[in-house]
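1. Here's a sequence, model it:
(one chain, ligands or ions: 1)
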Amino acid sequence: MSSAPTCDVSAPVQTEPDETSPASLGCGGDGPLRLMAVHAHPDDESSKGAATMARYVHEGVEVLVCTLTGGERGDILNKAMDRPDVRANLPGIRRAEMAAARDILGVRQKFLGFVDSGLPEGDPLPPLPEGCFALQPLEVAAGPLVKAVREFRPHVILTYDENGGYPHPDHIMTHKVSVEAFEAAADPDRYQDCGEPWQPLKLYYFVTFHRARFTALHQKMIEHGLESVYEERLKAWADEEDEPAGPDHEITTYIPCADYFEIRDQALIAHATQVDPDGGWFACPVEVQREAWPTEDYHLARSVVDTDKPEDDLFAGIREKVRL
Ligand SMILES: [Zn+2]
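-> Below you'll find the predicted structure:
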């Protein structure tokens, strides 16, 4: 494959209407605030930042989820769905699940057309499958996202840190293409066939599964006389203390969104092949979560506007500048 910058990919072409065309979004230079969340697979949007998105949708912000791959190589993680008929049509079923989650969250969503790389397992690790997302040259992998950024014109972009949140090759590649798109989208000399330049103003990393939050959830469950499900996770962290898996990003931004935790959970459940409704995602009652940790948290990785930290709004420093 050529490594020339392009907006097209060799992956199967998506046939859905392009929901990000400027006409359908009405995004001129002014207009509503716009938030883009960049994810690797269908279901990632419901486990990272979902309540934040639901809150901003409720407040009138335009929210677009860009999903880099179709999740074709994901396992079926909910036993009740592990059936031959589901296995035979997993990509189609995951698209339908994504559509249901999208509607529950009230966001727009766009697949960017790459093929899931799968999570390699074994020792030694097997090579990644030919043609998958994580093997694309950066400029090929970033082209469709640069195009989406230039069309949707987000003020804020959310993505993963350099560790990907967890070491899935698609998550790490998602981080790389998000940083590339944030840095290149405003440059008229780059990705010249991907639309008119646009400068996003802030780039955040999700800080979702962190120790302070799980410690608070653990303590609150015990306080309520419940059996904590976080004991093992906290112990594993304590054991790892001397060998951290990667850099910890400071939380710069706490978004209050506890009123939207139920919507987040409904969106997760819509990904029925990936999420067991009786599983760990839902082991801590929502009321306990609200008391223990009522925010979703972020690290402000890049900003071209001034802002005071800690923030409680992804658009801090931006609202003043955008004419609504
Ligand atoms: Zn994923």
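2. Which pLDDT value belongs to residue 186?
-> Taken from the predicted model, the pLDDT recorded for residue 186 is 98.
3. I'd say it and residue 197 touch.
-> Yes. Residue 186 is within contact range of residue 197, at 4.9 Å (criterion: Cβ atoms under 8 Å). For every residue, glycine as well, the C-beta is placed using N, CA and C.
4. neighbour count winner among those two?
-> Counting neighbours by other Cβ atoms under 10 Å for residue 186 and for residue 197 shows that residue 197 has the greater number, 17 against 14.
5. Can you tell me the centre-most residue of the chain?
-> residue 39 (3.7 Å; Cα atoms, centre = their mean).
6. Thought residue 67 was touching it, still the case?
-> Yes. Proximity of residue 39 to residue 67 meets the contact threshold set by Cβ under 8 Å, at 5.3 Å.
7. three-state assignment of residue 320?
-> For residue 320, the secondary-structure state derived from DSSP: H, G, I helix; E, B strand; the rest coil is coil.
8. Distance-wise, check residue 279 relative to residue 139.
-> Distance, residue 279 to residue 139, by Cβ to Cβ, to the nearest Å: 39 Å.
9. more neighbours, the two?
-> Comparing residue 279 with residue 139 by neighbour count (other Cβ under 10 Å), the higher total belongs to residue 139, at 18 against 12.
10. For the protein, what lies in contact range of the ion?
-> Residues of the chain lying close to the ion by Cβ under 5 Å from the ion are 40, 41, 44.
11. overlap in contacts of residue 39 and residue 67?
-> Here residue 39 and residue 67 share the contacting residues residue 45, scored by Cβ atoms under 8 Å, 6 or more residues apart in numbering.
12. For the residue of the chain found nearest the ion, which residues are in contact?
-> Each residue of the chain has a distance to the ion, by Cβ to the ion, and the smallest belongs to residue 41, at 3.6 Å. The contact partners of residue 41, taken as Cβ under 8 Å, 6+ apart, are 67, 68, 69, 70, 71, 74, 116, 170.
13. Which residue, other than its chain neighbours, is closest to the last one?
-> It stands for residue 170. Once its chain neighbours are removed from consideration, residue 170 has its nearest residue in residue 40; the separation is 4.0 Å (Cβ to Cβ, 6 or more residues apart in numbering).
14. Just the pLDDT for the one you found.
-> At residue 40, the predicted lDDT confidence score is 98.
15. related to what we said a few turns ago, could I get the residues of the chain next to the ion as TSV with distance to residue 59?
-> As requested, these are arranged in TSV below (distance: Cβ to Cβ, whole Å):
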residue	distance to residue 59
40	27
41	27
44	23
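16. Which of the contacts of residue 41 has the largest number of neighbours?
-> When the contacts of residue 41 are compared by neighbour count (other Cβ under 10 Å), residue 68 ends up highest, at 31 neighbours.
17. Regarding that residue, what is its secondary structure?
-> Under the three-state scheme (three-state DSSP), the conformation of residue 68 reads as strand.
18. Poorly predicted segments of the protein, please.
-> Screening the chain residue by residue with the criterion pLDDT under 70, one finds the ranges 1-30, 242-247, 323-324.
19. can you give me the strands for it?
-> With DSSP state E applied, the chain shows strands at 34-39, 62-69, 108-114, 156-159, 202-207, 253-256, 295-303, listed in chain order.
20. And the ones you listed: which comes nearest residue 193?
-> Across these, the minimum distance to residue 193, taken as Cβ to Cβ, is reached by strand 108-114, at 15.7 Å.
21. Pairing partners for that closest one, with directions?
-> The strands beside strand 108-114 in its sheet (DSSP bridges) come out as strand 62-69 (parallel).
22. distance between the strand it pairs with and the chain's centre?
-> For strand 62-69, the distance from its own C-alpha centre to the chain's C-alpha centre is 8 Å (Cα atoms, centre = their mean, to the nearest Å).
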